[in-house]
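**Q** what's the 3D shape of this:
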Amino acid sequence: MISRFAMVGFAAMGTHWFIAALLISAGMPALPANLLGFLCALSVSYQGHARWSFASHRHWRQTLPRFLLAAISGFALNELLYSAGLLWLTLDPRLLLALVILCVAAVSFIVYRFWAFA
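**A** You can find the predicted model right below:
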């Protein structure tokens, strides 16, 4: 299960990061670019985790609201850590975003596994 979560997670993370990094490189401020990247990755994450990582047999009407609450909470943590990092660190915003996404993924696994798709 963890390897499936990692594969889907890396696909979602790649989508999130690629869109955000592209927008940042084009001149968009980092925090709005992060939001747009997150929104683009949401369906990749839900479809992959619901159908493959956790192979949930629950109806989407049960799993989707839980997933959205967990994902939005995870994004709030992401945005908090990212904005703090942008203020206090001198890392490239694209590198910082990759590090933040990886950190939040650990929390997301626990929430998705034991609540959203349980």
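**Q** next helix or strand past the helix or strand residue 17 falls within?
**A** According to DSSP states H and E, residue 17 maps onto helix 2-25. Next helix or strand after helix 2-25 toward the C-terminus (DSSP H and E): helix 30-48.
**Q** what residues does that next one touch?
**A** With contact meaning CB atoms under 8 Å, 6 or more residues apart in numbering, helix 30-48 is reached by 7-9, 11-13, 15-21, 23-24, 28, 64, 67, 71, 75, 78-79, 82-83, 86, 93, 97. For glycine as for every other residue, the C-beta is placed from the backbone atoms N, C-alpha and C.
**Q** give the contact list for residue 102.
**A** Contacts for residue 102 were tallied using CB under 8 Å, 6+ apart; they are residue 13.
**Q** what average pLDDT does the helix or strand containing it get?
**A** According to DSSP H and E, residue 102 maps onto helix 93-111. The average pLDDT within helix 93-111 is 93.
**Q** just stretch 16-34 next, same as before
**A** Across stretch 16-34, pLDDT averages out at 98.
**Q** can you list the buried residues in it?
**A** Across stretch 16-34, burial judged by 16 or more other CB atoms under 10 Å covers 16-17, 19-21, 23-24, 30, 33-34.
**Q** what about it, start to end distance?
**A** With CA to CA, to the nearest Å as the measure, the first residue of stretch 16-34 is 7 Å from its last.
**Q** how far out from the middle of the chain is it?
**A** Centroid separation for stretch 16-34 versus its chain: 14 Å, with CA atoms, centre = their mean, to the nearest Å.
**Q** and the pLDDT at residue 61?
**A** As predicted, residue 61 sits at a pLDDT of 83.
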